[in-house]
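J.: My questions are about this predicted structure, shown below with the sequence.
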Amino acid sequence: MAGKYVISKQSNGEFHFVLKAGNGQVILSSESYKAKASCIEGIDSVRKNSQIDGRYQSKTASDGREYFVLIASNGQVIGTSQLYKAGDSRENGIASVKENGPSQTLEDNTV
């Protein structure tokens, strides 16, 4: 089963998307967008940038857990991973975003 993007509307009226792997696990979460059109542009940016190794930045949270961010060509963060206990798991998460990022499947939970 291929991955998919899921758009939702938050309680503050802003839009958010996640990229889910084929097993349904969230592998990348966006920041909030004021407009749905901007949220969709964010998804398009993930589709494009997820295939470029240099767009991933590995990070360590204050509690020592590992995560990564996906950066657009303009330098802005377009997605953040979940927190992982080990760097190997983070690398597997990056591989999953590379695999599922090009997905054209979109589930819109805002309608």
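T.: Yes, it's here. Numbering: from 1, shown residues only.
J.: pLDDT weak spots in the chain?
T.: Within the chain, the stretches with pLDDT under 70 are 1.
J.: And the residue nearest the centre of it?
T.: Note on the chain: the residue nearest the mean C-alpha position is Leu28, at 2.7 Å, using CA atoms, centre = their mean.
J.: which ones are touching that one?
T.: For Leu28, the contacting residues are 18-19, 46, 70, 79-81, 97, 101, by CB atoms under 8 Å, 6 or more residues apart in numbering. Just so you know, the C-beta spots here come from the backbone N, C-alpha and C atoms, and that holds for glycine as well.
J.: Could you export those to CSV, including columns for distance to Lys34, neighbour count and secondary structure?
T.: Formatted as CSV, the contacts of Leu28 follow (distance: CB to CB, whole Å; neighbours: other CB atoms under 10 Å; DSSP: H, G, I helix; E, B strand; the rest coil):
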residue, distance to Lys34, neighbour count, secondary structure
Val18, 18, 17, strand
Leu19, 20, 26, strand
Val46, 18, 24, helix
Leu70, 20, 24, strand
Gly79, 18, 27, strand
Thr80, 19, 15, strand
Ser81, 24, 24, coil
Val97, 25, 23, helix
Gly101, 24, 21, coil
